[in-house]
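> Structure for this input, please:
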Amino acid sequence: MNAAPDNDGGTRSWAGARYVALGSSYASAPGLGHPVPGSPPEAGRTDANYAHLLAGALQLSLTDATSSGATTADVMWRSQYGQAPQADALTPDTDLVTVTIGGNDIGYAASMMLAGLSPAAYLRHRPSLELIKALAPAALNRNIAMLPADMASVGQLIRRRSPNAVVLFVEYLTVLPLDPHTRVPGMKPAQAAASRRLAVHLALATEAGANATGCSVLRVAKASADHYAGSDDPWTVGAFLPAEGGPLPFHPNQAGHEAVARMIRDYLGA
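This is a model prediction of the structure:
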């Protein structure tokens, strides 16, 4: 179905629309709600994520393919945790697609988590050799340079699979204070500065990928600038030692997912 204006010409009715949610842990909400039945535990896909909140509010028919640790490759062609590529959830009659992706391509959350771990925690949660190699300067710079094209490829694939859908690239929520003089607990100033630069690269790549494919961008990074981890009204969390199956550090909290769902509703005029 295609959403249409109500009789009064005001808000739009999306009831029954087919909605596909794609993305990484910033979209899947690991540890924040109940696991989605049938999803692998590693995906961290819960019913507290913005996709489920939006679907419940607008009575959408949701297919949630979001998965913790996903990269653009996992959206487009690669199997992750035994799942089909996320884009396989797209169909010609899909009405709405949201995608929050790209952070894991450049180690955005992983670099913050590693920087924020205490020495004892680092020994308990030692990063994989693959992650260490990916965050090495040469590899990281290469991945940053490739990210705009990879994001455009995601947009192109969504457009091919679901040509009539409203497609929203949903940015990553702001985690660190933008003011470089504001202390970030658990991180050295240089580490915080490096994470801020990655956030800028991620936002620019998201914008470039959306613009290249005629998709739209939901600018949640700017909207959440005053809601960073540790602020008076945080939409993300900062450094802590993660527990098995629980929330992840430097990720959106429940308030963050609720805020994103509200912003999507406002964008849709629903």
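> neighbouring contacts of stretch 41-57?
Outside of stretch 41-57, the residues within contact range by CB atoms under 8 Å, 6 or more residues apart in numbering are 19, 21, 25, 27-36, 39, 60-62, 64, 66-69, 80-81, 83, 98, 170, 245, 248, 254, 257-258, 260-261, 264-265, 270. Bear in mind the C-beta positions are built from the backbone N, C-alpha and C, glycine included.
> average model confidence for it?
Mean pLDDT, stretch 41-57: 97.
> ok, now stretch 99-108?
95.
> How about stretch 190-210?
96.
> And the helices in the stretch 101-250 of the chain, which stretches?
108-116, 119-124, 129-134, 137-161, 189-213, 220-223 (DSSP state H, counting those that start in this stretch).
> Now do the fourth one: distance to the chain's middle.
It stands for helix 137-161. Helix 137-161 sits 15 Å away from the centroid of its parent chain (CA atoms, centre = their mean, to the nearest Å).
> what do you get for the fifth one?
Computed by CA atoms, centre = their mean, the separation of helix 189-213 from the middle of its chain amounts to 13 Å.
> give me the number of residues near Ser111?
21 (other CB atoms under 10 Å).
> got the contact list for it?
Per CB under 8 Å, 6+ apart, neighbours of Ser111: 135, 191, 194-195, 198.
> Save the residues you listed as JSON lines, and put in distance to Pro234 and neighbour count too.
Output for those, formatted as JSON lines (distance: CB to CB, whole Å; neighbours: other CB atoms under 10 Å):
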{"residue": "Leu135", "distance to Pro234": "26", "neighbour count": "17"}
{"residue": "Gln191", "distance to Pro234": "19", "neighbour count": "17"}
{"residue": "Ala194", "distance to Pro234": "21", "neighbour count": "17"}
{"residue": "Ser195", "distance to Pro234": "16", "neighbour count": "21"}
{"residue": "Leu198", "distance to Pro234": "20", "neighbour count": "19"}
